[in-house]
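Asker: this is a predicted model, with the sequence first.
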Amino acid sequence: MTGTIRTRRGIVLAHAVLVIIGFFLIYPVLWMVFGSFKPTNEIFSSASFWPKHWTFANYPQGWNAIPGLPFGTFILHSLLVSCLVSVGTVISSAIVAFGFARFTFRGKSILFGIMMITMMLPTQVTLIPQYAMFHDLGWINTYYPLIVPAFFGSPFFIFLIVQFIRGLPKELDEAAKIDGCNAVTLFVRVILPLIVPALITTAIFSFIWCWDDFFSQLIYLNSAQKFTVPLGLESLANAVAQEEWGPLFAMSTVSLIPLFLIFFFLQKYVVRGIATTGLRG
C-alpha cells in the first residue's frame, strides 16, 4: 500500500513538473496570441498576457496591411508548397527506404553512409551550388527549387523509415513472394500499410519544416506576388511593425493555426511513429 502511494505521488509530482515546464515553454506563444487582441500601446506595457482592453481590429488590419496582397494569398502559397513538399518527401523517402531496408546490392553500405553524411552538411555549404544550378535552369523566383528536391528523398526521413521497415518481420516478405508478389506489389500492398505511422510522421514534420522555412524561400522567391507565410510576415513587419505591433501578432497567430490543427489531429500517429521506430524486432 505504501509503495502504491509513493508511486502515485511520484506520478503526480512528475506531471506537475511537466505542466510547469510546459507553461514556461508555451508562454511566449500565449503572450503573442493574447497580444494580438491588445491595443498597440498595451502590448509592451506589462508582462501579463491577458488583455485589459480587448480589440479585434488587429486581424482585419493585418490581413489587408499590404495593398493588393491580402494575407490569405500568402497562406494559400504556403499550403501549396508545403503540401507538395510533404507528398514528395513521403513518396521518395518511402521508396528509397524500402530499397535500403529490404534489398541487398553492391555498395549498399557505402551509399547509406554517404546519405547519412549529407545529414551533417550545413545548408550554407550547398547553398551556392544549388542556387547556381537552379539559376541555370531558370527556376529562380519560382516554387520549383522548394518543391522538386523533396521528390528526391530526405536523408533524415529515409533513415526514419528504414528503421521502421527493419522492425517488420521478413517472413511477411517471404509469404508475399510465395503468393506471387513482385517487389512493387510487396511494397504497395504489404509494406506501405504497415508503415503508415512513419509515413504520417514524415508528412507532418516535412509540412511543418517547409511551412516555417524562411531562409530557402527568401533566397529563391523575389516577387511579392509569390511570397509564402514567412516572407509575408517579414513584409508585414516592414510595413506596420514600426507603428503597429498588433496586426503583426494577429497574422503570426493566424499562421500558427494550420500547424496546431495538423498536430492536434495527427499527434497520435507522430507518437506511434517515433516510439515504435527501430524498437520492434
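Answerer: Structure's in. What do you need? Residues are numbered from 1 along each chain as shown.

Asker: so which strand or helix has the nearest residue to Phe74 once chain neighbours are set aside?
Answerer: The shortest distance from Phe74 to any non-neighbouring residue, by CB to CB, 6 or more residues apart in numbering, is to Gly232 (3.3 Å). Where you see a C-beta, it was placed from the backbone N, CA and C, and this is true even at glycine. Gly232 belongs to helix 229-240 when assigned by DSSP states H and E.

Asker: now do the next helix-or-strand element following that helix: which elements does it pack against?
Answerer: Remark: after helix 229-240, the chain's next helix or strand is helix 246-276, criterion DSSP H and E. Helix 246-276 is packed against helix 2-35, helix 40-43, helix 58-63, helix 71-102, helix 155-166, helix 196-211, helix 229-240, with contacts defined by 3 or more CB pairs under 8 Å, 6 or more residues apart in numbering; DSSP states H and E.

Asker: surely Gly72 touches Trp63?
Answerer: Yes. Counting by CB atoms under 8 Å, Gly72 does reach Trp63; the two are 7.1 Å apart.

Asker: so who does the residue nearest the centre of the chain touch?
Answerer: Centrality entry for the chain: nearest residue to the mean C-alpha point is Ile208, 2.0 Å, by CA atoms, centre = their mean. When contacts are counted by CB atoms under 8 Å, 6 or more residues apart in numbering, Ile208 touches 259, 262-263.

Asker: report the buried members of those residues.
Answerer: Ile262 (16 or more other CB atoms under 10 Å).

Asker: would you convert the contacts of Ile208 into TSV that also reports pLDDT?
Answerer: Shown next, in TSV, are those (pLDDT from 0 to 100):
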residue	pLDDT
Leu259	88
Ile262	85
Phe263	79
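
Asker: would you turn the contacts of Ile208 into JSON lines with distance to Asp213?
Answerer: Converted to JSON lines, the contacts of Ile208 look like this (distance: CB to CB, whole Å):
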{"residue": "Leu259", "distance to Asp213": "13"}
{"residue": "Ile262", "distance to Asp213": "16"}
{"residue": "Phe263", "distance to Asp213": "17"}
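
Asker: burial check on the residue lying closest to Leu172 once chain neighbours are set aside, number of neighbours?
Answerer: Closest residue to Leu172 apart from its sequence neighbours, by CB to CB, 6+ apart: Val190 at 5.7 Å. As a burial measure, Val190 scores 18 neighbours (other CB atoms under 10 Å).

Asker: tell me the contacts of Val190?
Answerer: 172-173, 176, 181.

Asker: and the residues you listed, which of them are in helices?
Answerer: Mapping these onto helices (DSSP state H) picks out 172-173, 176.

Asker: let me see the contact set for Lys108.
Answerer: Contacts of Lys108 by CB under 8 Å, 6+ apart are Phe100.

Asker: state the distance from it to Gly99.
Answerer: As judged by CB to CB, to the nearest Å, Lys108 and Gly99 stand 9 Å apart.

Asker: same deal with Ser92?
Answerer: Ser92 is 11 Å from Gly99, by CB to CB.

Asker: what does Cys83 give?
Answerer: Applying CB to CB to Cys83 and Gly99 gives a distance of 25 Å.

Asker: and the helix or strand harbouring Pro145, how far out from the chain's middle?
Answerer: Using DSSP H and E, Pro145 maps to helix 144-147. On the basis of CA atoms, centre = their mean, to the nearest Å, helix 144-147 sits 16 Å off its chain's mean C-alpha point.

Asker: can you name every helix or strand that that helix contacts?
Answerer: If you count contacts as 3+ CB pairs under 8 Å, 6+ apart, helix 144-147 packs onto helix 71-102, helix 123-137, helix 215-220.

Asker: this completes my enquiry, with thanks.
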